[in-house]
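Undergrad: Task: produce atomic coordinates for the following.
(2 chains)
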Protein chains: 2
Amino acid sequence: MSDPDVWETMRTARAIRRFTDRPVDSELLIRCLEAATWAPSGGNQQPWHFVVITAEPGRQAMAVGAGRALAAIQRVYGIDRPAADDDSPKARNARALFAVHDGAADVPAAVLFCVKDQPLTPELLLGASVFPAMQNFLLAARASGLGCCVTGWHVDAADELRTALEIPPEWHLASLVVVGWPDGHHGPVRRKPVAKVASLDRWEQPFG
Amino acid sequence: MSDPDVWETMRTARAIRRFTDRPVDSELLIRCLEAATWAPSGGNQQPWHFVVITAEPGRQAMAVGAGRALAAIQRVYGIDRPAADDDSPKARNARALFAVHDGAADVPAAVLFCVKDQPLTPELLLGASVFPAMQNFLLAARASGLGCCVTGWHVDAADELRTALEIPPEWHLASLVVVGWPDGHHGPVRRKPVAKVASLDRWEQPFG
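TA: Sure, this is the predicted structure:
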C-alpha cells in the first residue's frame, strides 16, 4: 500500500457510484474504520458506532431506502432516466445516480454511521461527533483506492434499517456510506471557490 | 511545505490547546479552507460558510462563550483548577483546558463553521454537509503544522456571535475551531479499538 499525500487524497475523494464486482475485504474496511476512530468528538467521548452491511437483511433495508430516496430525488431535482443513446455528461451523471440506487441491494459493502443520543446536546451538534469520523473513513477509503458514496438512504428507511441491523433506540442513524472498488476513476472534486464561502470577521466581508 | 502522509495526518491530528504568539497568516488559512471545500455535502450543494475570526467583536463573543462553556465543563465533569505545583498528567490536561478557555479572546485565530438551514432536512443530517468540511480543515491544518481545537463555544454564545459577525438568521452555527501554531507537539490520538465500536450486520456482532 502506498502512502498518498493528504492534500491529493482530499482533493480527489469524489463520490464513486459505480463499482466492480471485486469484494472489499474485511481487513481493508477495518483499516478505514480505524481511521474513522481517529476523528475528534465532543469531550473525546467517541459516541459513535459503525455497522458494516454485507448480509441480506441489511441489503434489503438499504434497497427500500434507496428506492424511496430515488423517488424523492427525481421529484425534487426533476431528473429522468436518460435515454440509452444519450452520452452527454448530464446523462452519464444521471445514469450513475440511477445505477447506484437501483443496485442498492448489490453494492459491495456499506457502512451505517451511528451516533448515541445525548439528551442535552442539540441534534446538529451531535453531528460533530460522527461526521468527522465519516470523513476520515472516506479519506482512508480514497487513500486505499476504494470508492465511496454518501447516501441519505438511512433517512428514508430508518425503521427497516433499525430492525434489520438491530440498532438500539438511543442511537441515531447519521449516514449510510456505500463502498467498493471503483468502476472508473477517482478525480478532482468540483467546488465553489473559498472567496464565495468564507468571510473575515463580518459575514459580508469575503475572505480568500 | 512537505506533503505528509494521509494516515499519519489523521492519526496525529490531536486537539491542540496551547499556542505560541506567532500569527497564522491568511494564505495558510485560505489553503486550509480550500481543503474544507473539498468535502462532500448533500447533493453537492455546499451549504457551508466559514467565518474567520480575528477582530475584537468576534473575540469578545468567543470569550463570552468560552466562559460559559468552562463553567458547564467544570459542573458536568467536576474539573477544578489544578494547584500550581501539580505536575500530574491530569493536572496538565486540566491546565490546558483552563488556558484555552481563559485565553479565548487572545487565540491566534478561529473559524466559525456555519451551515444553511434546509427546512425539510433533519438537523442531524445538516451536519453531514458541514462537519466533513470541518474535518478536512482540521487535517489540512495538521498537515501544515498548525494546531486546532474544536470547541462548543458557539452554543454558549450563539446570540453574541451572530451579532458580532453579522450571521444571517437562516444559517446555523455548527462549530467553532480555534487555530494557531502549537506550543508543544502534535501526537497520536487515543481512541477505543475498532472492535468496540464496529459491528458486522447486527449490532451485537463485533467487527474488527
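Undergrad: hey, let's count contacts and neighbours off CA atoms from now on
TA: Will do.
Undergrad: Least confident secondary structure element in chain A?
TA: The helix or strand of chain A with the lowest confidence, counting by mean pLDDT, DSSP states H and E, is helix A:89-102 at a mean of 91.
Undergrad: quick one: that one to chain centroid distance?
TA: 16 Å (CA atoms, centre = their mean, to the nearest Å).
Undergrad: helices and strands around the very next helix or strand once past that helix, which ones?
TA: Downstream of helix A:89-102, the next assigned helix or strand under DSSP states H and E is strand A:109-116. Counting contacts by 3 or more CA pairs under 8 Å, 6 or more residues apart in numbering or on different chains; DSSP states H and E, strand A:109-116 packs against strand A:48-53, strand A:171-180.
Undergrad: Give me the buried positions along the least confident helix or strand of chain A.
TA: Residues of helix A:89-102 classed as buried: A:Ala91, A:Arg95, A:Leu97, A:Phe98, A:Val100, A:His101 (neighbour count, 16 or more other CA atoms under 10 Å in any protein chain shown).
Undergrad: quick one: which of these is nearest A:Gly147?
TA: A:Gly147 lies nearest to A:Val100 out of these, by CA to CA, at 12.4 Å.
Undergrad: Contact partners for that closest one?
TA: Shown in contact with A:Val100 (CA atoms under 8 Å, 6 or more residues apart in numbering or on different chains): A:Arg17, A:Arg18, A:Val107.
Undergrad: Make CSV from those and add neighbour count to it.
TA: Shown next, in CSV, are the contacts of A:Val100 (neighbours: other CA atoms under 10 Å in any protein chain shown):
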residue, neighbour count
A:Arg17, 26
A:Arg18, 23
A:Val107, 24
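Undergrad: a strand runs through A:Ser199, doesn't it?
TA: Yes. Applying DSSP: H, G, I helix; E, B strand; the rest coil, one finds A:Ser199 inside a strand.
Undergrad: How are the helices of chain A distributed by residue range?
TA: With DSSP state H as the criterion, chain A has helices at A:6-11, A:26-37, A:56-77, A:89-102, A:123-126, A:131-143, A:153-156, A:158-165, A:194-197.
Undergrad: Please name the bridge partners of the residue nearest to the spatial centre of chain A.
TA: By CA atoms, centre = their mean, the mean C-alpha position of chain A lies nearest to A:Val150, the distance being 1.9 Å. Note on A:Val150: beta-bridge partners A:Val177, judged by DSSP bridges.
Undergrad: Am I right that it is in contact with A:Ala174?
TA: No. The criterion here is CA atoms under 8 Å, and A:Val150 misses it with A:Ala174 at 10.7 Å.
Undergrad: For the closest residue to A:Ala105 other than its chain neighbours, grab the count of nearby residues.
TA: Nearest residue to A:Ala105, sequence neighbours excluded (CA to CA, 6 or more residues apart in numbering or on different chains): A:Arg59, at 4.6 Å. When counting by other CA atoms under 10 Å in any protein chain shown, one arrives at 22 neighbours for A:Arg59.
Undergrad: correct me, but A:Arg59 touches A:Gly103?
TA: No. A:Arg59 lies out of contact with A:Gly103 (CA under 8 Å); the separation is 10.0 Å.
Undergrad: burial of A:Glu204, as a residue count?
TA: Around A:Glu204 there are 14 other residues, counting by other CA under 10 Å.
Undergrad: buried set for stretch A:33-45?
TA: Quick answer for stretch A:33-45 (16+ other CA under 10 Å): A:Leu33, A:Glu34, A:Ala35, A:Ala36, A:Thr37, A:Trp38, A:Ala39, A:Pro40, A:Ser41, A:Gly42.
Undergrad: Then stretch A:169-180?
TA: Neighbour counts over stretch A:169-180 (16+ other CA under 10 Å) mark A:Trp171, A:His172, A:Leu173, A:Ala174, A:Ser175, A:Leu176, A:Val177, A:Val178, A:Val179, A:Gly180 as buried.
Undergrad: so can I have TSV of these showing pLDDT?
TA: Output for the buried residues of stretch A:169-180, formatted as TSV (pLDDT from 0 to 100):
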residue	pLDDT
A:Trp171	98
A:His172	98
A:Leu173	98
A:Ala174	98
A:Ser175	98
A:Leu176	98
A:Val177	98
A:Val178	98
A:Val179	98
A:Gly180	98
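Undergrad: Take those and lay them out in TSV including distance to B:Arg81.
TA: Output for these, formatted as TSV (distance: CA to CA, whole Å):
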residue	distance to B:Arg81
A:Trp171	34
A:His172	35
A:Leu173	38
A:Ala174	36
A:Ser175	39
A:Leu176	42
A:Val177	43
A:Val178	46
A:Val179	46
A:Gly180	49
